[in-house]
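Engineer: based on what follows, work out the 3D shape:
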Amino acid sequence: MSTVQVLDPRFAEVARGAGTLRRLAIGATWSEGPVWLRETGALLWSDIPNNRMLSWQPQQGQTVWRERVEFTNGHVREAGGALLHCSHGLRAIVRTRFDAQMHPLADEVVVDRYQGRRLNSPNDIVVKRDGTIWFTDPPYGILSNHEGHQAESELGDNYVFRFDPASGARRIVSDPVVEPDGLAFPPDESVLYVSDTSAALAPAGTGNHHIVAFDVVGGQDLANPRVFAVVNPGLADGFRVDMHGFVYTSSADSVQVYHPDGTRIGLIPMPEKVGNLCFGGVNGDELFICASTSLYHLRLNTRGATS
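Structural biologist: Numbering: from 1, shown residues only. Reported below is the predicted structural model:
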């Protein structure tokens, strides 16, 4: 079986000269939320059930970056270099700033409530070029003590939020998604992709396992929701977009690649169930894949829209 399968000629150039899938690290219980630190050449990711963040660097290999991290899930960098975390345990978006030597400083809670009520358990996060923070807030971190702290939802539903750090304004931007999970913008930020993974908690054969595309209107509103892609087998737990606008999403047995028109154009078979992924490396052409117990790596002939 080849490392990258081309299902549509439009993906052939990306697959041309692709490297070999390599396992970089093992030993997690459930790997999630990879993010690239360009300053140190490190890949950070979450091992959610073990309440820790791991790090991988070419020379040092795998190390524990932080422990007792309050069950962080998704991560993203802000333009200024700070690291944002989706914290299941704190039910908040948390920011970590760094000193000049890239040592982490004290964390600060960015947002943890909407109209006075606590968030559910923020799951994944992106930052738009205007600095606004967009994140999903499904219930997964409050359902048990396995990946957070069991609690009742104060919101009573699951939403996608837009938070403006400059003004402190926070607003719900997406109602039609039952259990929003992963999310990403294409390079021109004209669309927001949001996955609905309600099949994870629903009886077998029911619930959603698709990605919804929204038009971004005026830079802050979402309109025209439509099913972009149905992911099978498994769920679109997390995904990223490359420079061409191709969407790379998790599934039960592979990374699936979709054209902006919704056609599945490529496949990267995986030996473990995929949780999330990101682009990184010096040139942004390295795909880091969190899959169950492990971290995998594959070099492609493209670059990520963001890491």
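
Engineer: and stretch 295-307, how far out from the chain middle?
Structural biologist: 14 Å (CA atoms, centre = their mean, to the nearest Å).

Engineer: would you mark the buried spots in that stretch?
Structural biologist: Buried residues in stretch 295-307, counted by 16 or more other CB atoms under 10 Å: 295-300, 302-307. Where C-beta positions appear, they are placed from N, C-alpha and C, glycine not excepted.

Engineer: export only the CA atoms of the biggest strand by length in the chain, formatted as CSV.
Structural biologist: Scanning the chain for the longest strand, with DSSP state E as the assignment, gives strand 221-230. What follows is strand 221-230, C-alpha atoms only, in CSV (Å, rounded to 0.1, in the frame of the first residue of the first chain):
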residue,chain,number,x,y,z
ASP,A,221,-20.8,36.2,10.5
LEU,A,222,-21.5,32.8,9.1
ALA,A,223,-24.1,32.1,6.4
ASN,A,224,-25.2,29.5,3.9
PRO,A,225,-24.4,26.3,5.9
ARG,A,226,-24.1,23.2,3.7
VAL,A,227,-22.6,19.7,4.1
PHE,A,228,-19.1,19.9,2.6
ALA,A,229,-18.1,16.2,3.1
VAL,A,230,-19.3,13.1,4.8
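
Engineer: that one pairs with which strands, parallel or anti?
Structural biologist: In its sheet, strand 221-230 lies beside strand 210-217 (antiparallel), with partners assigned from DSSP bridges.

Engineer: in the partner strand, what counts as buried?
Structural biologist: Here strand 210-217 shows 210-214, 216 as buried, counting by 16+ other CB under 10 Å.

Engineer: just give the closest residue to the residue nearest the centre of the chain, not the sequence neighbours.
Structural biologist: Closest residue to the average C-alpha location of the chain: Gly238 at 4.4 Å, with CA atoms, centre = their mean. Spatial nearest neighbour of Gly238, excluding adjacent residues (CB to CB, 6 or more residues apart in numbering): Asn276 at 2.9 Å.

Engineer: again, but for Val191
Structural biologist: Ala213 (5.4 Å).

Engineer: pull the contacting residues for that neighbour.
Structural biologist: Going by CB atoms under 8 Å, 6 or more residues apart in numbering, Ala213 touches 191-193, 225-228.

Engineer: and those as JSON lines, adding neighbour count and distance to Pro122?
Structural biologist: As requested, the contacts of Ala213 are exported to JSON lines (neighbours: other CB atoms under 10 Å; distance: CB to CB, whole Å):
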{"residue": "Val191", "neighbour count": "19", "distance to Pro122": "22"}
{"residue": "Leu192", "neighbour count": "23", "distance to Pro122": "16"}
{"residue": "Tyr193", "neighbour count": "24", "distance to Pro122": "17"}
{"residue": "Pro225", "neighbour count": "16", "distance to Pro122": "21"}
{"residue": "Arg226", "neighbour count": "10", "distance to Pro122": "25"}
{"residue": "Val227", "neighbour count": "12", "distance to Pro122": "24"}
{"residue": "Phe228", "neighbour count": "22", "distance to Pro122": "22"}
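
Engineer: now, which of these sits nearest Glu32?
Structural biologist: Nearest to Glu32 among the contacts of Ala213, counting by CB to CB, is Tyr193 at 17.8 Å.

Engineer: what pLDDT does that closest one get?
Structural biologist: For Tyr193, the pLDDT comes out at 98.

Engineer: bridged to it, which residues?
Structural biologist: Under the criterion used (DSSP bridges), Tyr193 bridges to Ala184, Ala213.

Engineer: before I go, just wanted to say thanks for your time.
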